[in-house]
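Asker: For reference, the sequence and a predicted model appear below.
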Amino acid sequence: MLSTSSPTFLPQGFLFDWNPPGTTIPIPNTEQCETLSITWERGSTGVGPNPVSPYYLQISLRSTVPIIVPAGSGTKFDFQVPWIPGTQYQICMWDSTGVSGGCQNMYTVIPNSTATVLNPATCPNVTASAPLDVNALVVTGAFSQYGWPPQCTDIQVQPKNGTPPYTLTVAPTLHPPLNITSHTNDPINWTISLTHGFPFFISLMDSQGLGWVQGPLHSGENVDTSCLNVDHSGGGSSSHMAGTIGAGVGGVVVGLIAGIAGILAFLRCRGNRRNNICQRHQYGRCTGLEYVVEPFSMPSSTPGGSDPHFPLLSGGPLASPPASAPDATSASGSDPVDQSTSGGGRRQNVYVVHHDGGPDADVVELPPRYANSGSGGASDGHDQPRRAAGSATQKGRGPRPG
């Protein structure tokens, strides 16, 4: 029995298609009896051996035998699609030495747009090869022509007649095919190394031109996908996988280091900014915020810098307000002078008295401090303007004449 678990797809030696010039996205439909103008060339993407004429088309469709069409020795060939509407087919191309030109997409035949009942579409038919008797199996049992055998499982094909050597061809769409050659009539196994859902045809030819083909098949879903990690360059797949994992882990580590460095730089810059703010503001407080709150500063207590109308004490406790201004106590609910203040002569609370006596009443705002002439709480001559203002305010608060 010939078995291969990781076959190699053939290198593509030339390219071919039949798309009209300027076609952006080919539509996989062709009309019945439509003429395909097939052209091919080596191109810049050919990686296989140089092709040698003559050339051949290998057509796989929903039948039991493949179709081989000679395409001549040039670089262009016209082919008419002879099959009835609804037929699905796929064209692969070969040169005389077995160099592959790849396989095109799977196309579907649609009715001819110019044909009528009285004038149907007519075109020459093609001759298929003689059938080859083959026994095929899959892991689930019987082989289905349109089945979905699970990926990474085997398809087993055994010729029951014909003449060796036999060539098993797997032709995925839009992909170079692969060949497995057997010189005996023993079963040939191929492991489905295509991703889930990938369409393909499978065929077997003997040395005399007898043929067998099945499809379109699709690679089915499977939990085991180990056969897809194949390294065709000669190295093991484990080393390739280890390199991929190492590169991924290295990228994650570098990203984490860069992120941590960025966070530390940001915190350091922000800390320096806070220190600069604290140094610029003498009375500021560093609370973690970006603004600075400065306390209320009382006017200078030096004799030369005081307002003559609002004199300040040079030291000691604050004096009580004059007896003729009782409204400060009644309006604020407490003595406007903080008696608990000691030492620096700075009061802790500021009281503002507002008399709402109507539009004709005067409003007097008491200053934060009062002058004291010495002992006994008597005020000096500077207190007279405020006392007069207090008397005027009391008069204004009386009932207004009707």
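Answerer: Yep, that arrived. Here the structure is a predicted model, which is why all the values come from computation and not from measurement.
Asker: can you list the weak-confidence ranges in the protein?
Answerer: Flagging of the chain using pLDDT under 70 yields the residue ranges 1-7, 229-251, 253, 270-402.
Asker: make it 80
Answerer: 1-7, 44-46, 62-64, 229-256, 258, 262, 265-402 (pLDDT under 80).
Asker: what's the nearest residue to Thr122 if we skip its chain neighbours?
Answerer: Nearest non-adjacent residue to Thr122, counting by CB to CB, 6 or more residues apart in numbering: Cys33, 6.7 Å away. C-beta here means a position set from N, CA and C on the backbone, and glycine is covered the same way.
Asker: so how many other residues sit close to the one you found?
Answerer: Using other CB atoms under 10 Å, the number of residues around Cys33 comes to 18.
Asker: Ile84 too?
Answerer: 9.
Asker: For it, list the residues it contacts.
Answerer: By CB atoms under 8 Å, 6 or more residues apart in numbering, the contact list for Ile84 reads Gln32, Val109.
Asker: How about the secondary structure of it?
Answerer: coil (DSSP: H, G, I helix; E, B strand; the rest coil).
Asker: Leu267 belongs to a strand?
Answerer: No. Leu267: not assigned to a strand; according to three-state DSSP it is helix.
Asker: Looks like the residue nearest to Thr122 contacts Pro124 (just checking).
Answerer: No. Counting by CB atoms under 8 Å, Cys33 does not reach Pro124; the two are 9.2 Å apart.
Asker: what residues are shared contacts of the two?
Answerer: Residues touching both Cys33 and Pro124 (CB under 8 Å, 6+ apart) are Gln80, Pro82.
Asker: Surely Asp17 and Gln104 touch.
Answerer: Yes. The criterion here is CB under 8 Å, and Asp17 meets it with Gln104 at 6.7 Å.
Asker: which of the two has more neighbours?
Answerer: Ranked by neighbour count (other CB under 10 Å), Asp17 and Gln104 place Gln104 first, with 23 against 18.
Asker: Ignoring the adjacent residues along the chain, who's closest to Trp83?
Answerer: Val109 (5.1 Å).
Asker: mind checking which helix or strand the one you found is in?
Answerer: Assigning secondary structure by DSSP states H and E places Val109 in strand 107-110.
Asker: Pull that strand out as PDB, backbone CA atoms only.
Answerer: Output in PDB follows, covering the C-alpha atoms of strand 107-110 (Å, rounded to 0.1, in the frame of the first residue of the first chain):
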ATOM      1  CA  TYR A 107     -17.500  27.300 -12.900                       C
ATOM      2  CA  THR A 108     -21.200  26.600 -13.500                       C
ATOM      3  CA  VAL A 109     -22.900  26.400 -17.000                       C
ATOM      4  CA  ILE A 110     -25.900  28.700 -17.400                       C
END
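Asker: buried stuff in it?
Answerer: Using 16 or more other CB atoms under 10 Å as the test for burial, strand 107-110 gives Tyr107, Val109, Ile110.
Asker: Which elements pack onto the helix or strand hosting Gly102?
Answerer: Element membership for Gly102 (DSSP H and E) is strand 100-103. For strand 100-103, the packing partners by 3 or more CB pairs under 8 Å, 6 or more residues apart in numbering; DSSP states H and E come out as strand 15-17, strand 88-95.
Asker: could you redo the last one with a cut-off of 10 Å?
Answerer: strand 15-17, strand 35-41, strand 55-61, strand 88-95, strand 166-172 (3 or more CB pairs under 10 Å, 6 or more residues apart in numbering; DSSP states H and E).
Asker: Dump those to TSV, plus distance to Gly262.
Answerer: TSV is the format used below for these (distance: least, CB to CB, whole Å):
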stretch	distance to Gly262
strand 15-17	49
strand 35-41	53
strand 55-61	58
strand 88-95	54
strand 166-172	47
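Asker: which SS class is Ala261?
Answerer: What three-state DSSP gives for Ala261 is helix.
Asker: That one: how many residues sit nearby?
Answerer: For Ala261, the neighbour count with other CB under 10 Å is 10.
Asker: measure it to Trp94 for me?
Answerer: Distance of Ala261 to Trp94, computed by CB to CB, to the nearest Å: 59 Å.
Asker: Over to Phe200?
Answerer: In terms of CB to CB, Phe200 sits 17 Å off from Trp94.
Asker: before we move on, what about Ile25?
Answerer: Taking CB to CB as the measure, Ile25 falls 27 Å from Trp94.
Asker: go on, Gly86?
Answerer: Taking CB to CB, one finds Gly86 at 27 Å from Trp94.
Asker: Settle it for me: which of the two has more neighbours?
Answerer: Trp94 (23 against 11).
Asker: Please name the nearest non-neighbouring residue to the more buried one.
Answerer: Tyr56 (5.0 Å).
Asker: Can you verify my assumption that Leu194 contacts Ile202?
Answerer: No. The criterion here is CB atoms under 10 Å, and Leu194 misses it with Ile202 at 11.2 Å.
Asker: what about these two, which has more around it?
Answerer: Between Leu194 and Ile202, Ile202 has the larger neighbour count (other CB under 10 Å), namely 24 against 20.
Asker: Just checking: what are the partner strands of the helix or strand that one falls within?
Answerer: Assigned by DSSP H and E, Ile202 belongs to strand 199-205. Using DSSP bridges, strand 199-205 pairs in its sheet with strand 166-172 (antiparallel), strand 211-218 (antiparallel).
Asker: Can you lay out these as JSON lines showing mean neighbour count and distance to Phe9?
Answerer: Converted to JSON lines, those look like this (neighbours: other CB atoms under 10 Å; distance: least, CB to CB, whole Å):
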{"stretch": "strand 166-172", "mean neighbour count": "23", "distance to Phe9": "8"}
{"stretch": "strand 211-218", "mean neighbour count": "23", "distance to Phe9": "16"}
